[in-house]
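In: sharing a sequence plus its predicted fold:
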Amino acid sequence: MFIGSLLLGGFDYVSGEHRGGDWALCNGQLLSFTEYPAVASLLRNRYGGDVRSNFALPKVNGNTGMTDANGVPLIWIIRVKGDRESYPDPAIDF
């Protein structure tokens with residue numbers, strides 16, 4: 001289930017295992033400016049990176065204490081690709 005903004009640079013959270021697609025884990029990883037130019041222009045080096053070739057995603061995963069109805073921890077994700085709203089079917093791996 002997705003909650004909140006689904007636009008580029010928007011944050012949401014999912015329960016269980018995240019499989020990618022237009023989304024990336026909010027785990028502080030470095031991404032390339034050339035591979036993700038649109039979200040790089042939004043985040044710049046706010047969360048880290050060298051400004052010339054890479055930028056970092058925010059690091060908000062961890063022991064947040066938030067779970068779904070079954071007790072599965074929620075994982076924060078950020079939309080890094082796409083230019084429109086997208087409502088993925090929760091039954092399909094993304």
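Out: On my side now, so go ahead.
In: bridge partners for the residue nearest the centre of the chain, pull those for me.
Out: Centroid check for the chain by C-alpha atoms, centre = their mean gives Ile78 as the closest residue, at 1.9 Å. Counting by DSSP bridges, Ile78 forms beta bridges with Phe11, Ala24.
In: any idea of the pLDDT on it?
Out: Ile78 is assigned a predicted lDDT (pLDDT) of 87.
In: quick check: it touching His18?
Out: No: Ile78 lies out of contact with His18 (C-beta atoms under 8 Å); the separation is 10.8 Å. Every C-beta, even on glycine, is put in place using the N, C-alpha and C of the backbone.
In: helices or strands next to the worst-scoring helix or strand of the chain on mean pLDDT in the packing?
Out: Sorted by mean pLDDT, DSSP states H and E, the helices and strands of the chain end with strand 11-15, the least confident at a mean of 81. If contacts are counted by 3 or more C-beta pairs under 8 Å, 6 or more residues apart in numbering; DSSP states H and E, strand 11-15 sits against strand 74-79.
In: residues in contact with the residue of the chain positioned farthest from its centre?
Out: Centroid-distance maximum for the chain: Asn70 at 22.3 Å, with C-alpha atoms, centre = their mean. By C-beta atoms under 8 Å, 6 or more residues apart in numbering, the residues touching Asn70 are Ser15.
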